[in-house]
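In: Sequence plus the predicted model coming up.
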Amino acid sequence: MVAQLQWPEERTPLDQRCLTIEGHVSETSLDLVRAALPLERPENSAILFLSYAFADIPIGRRYKILFPKDHPALAVSTECDILAVTQQFAKPLDCIPHGWKTICLVRFLAVIPEMIRALPTVDAWTFHPLLCLCDEETRMVHLKGR
């Protein structure tokens, strides 16, 4: 089933097109939502708490840039795909809904970047996003804004 996107990325200003990551989902929290995620997880994947989505983001969306929030000059290249999405009610979603905080299975095509591995493992959303996933165009806007 293809997601019906009500708020596509194009409706969001370029400087706001970042998926923000709060941390790894703890085993305790994962036990509560496990049924909504694939049983088999690819190598080089992580289950992450994501902060408020800037748009409706379809499953399969690929991101290529990762940087610490507010520090785009420290960006690293990566390639990662959103593979699965859920939330606290353990219902699988067909996209990351605009304005929602979610739990996502993210697959990194190469190795998991050190910035991702170094994230804290948390039991819930922290309201303190630490990292941003975006495209090069969005990163360049952030760099020019500094």
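Out: That came through, no problem.
In: For stretch 102-111, what is the distance to the chain centroid?
Out: With C-alpha atoms, centre = their mean, to the nearest Å as the basis, stretch 102-111 stands 8 Å off its chain's centre.
In: Identify each buried residue in it, please.
Out: Using 16 or more other C-beta atoms under 10 Å as the test for burial, stretch 102-111 gives 102-108. Quick note: C-beta positions are derived from backbone N, CA and C, even for glycine.
In: Including pLDDT and secondary structure, could these go into JSON lines?
Out: As requested, these are arranged in JSON lines below (pLDDT from 0 to 100; DSSP: H, G, I helix; E, B strand; the rest coil):
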{"residue": "102", "pLDDT": "98", "secondary structure": "strand"}
{"residue": "103", "pLDDT": "98", "secondary structure": "strand"}
{"residue": "104", "pLDDT": "98", "secondary structure": "strand"}
{"residue": "105", "pLDDT": "98", "secondary structure": "strand"}
{"residue": "106", "pLDDT": "98", "secondary structure": "strand"}
{"residue": "107", "pLDDT": "98", "secondary structure": "strand"}
{"residue": "108", "pLDDT": "98", "secondary structure": "strand"}
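In: Go through stretch 138-146 and flag the buried ones.
Out: Neighbour-count burial for stretch 138-146, with 16+ other C-beta under 10 Å as criterion, is recorded at 138-142.
In: for stretch 61-81, same thing?
Out: Buried residues in stretch 61-81, counted by 16+ other C-beta under 10 Å: 61, 63, 65-67, 69, 72, 75, 78, 80-81.
In: Identify, from these, the entry nearest to residue 133.
Out: residue 63 (4.0 Å; C-beta to C-beta).
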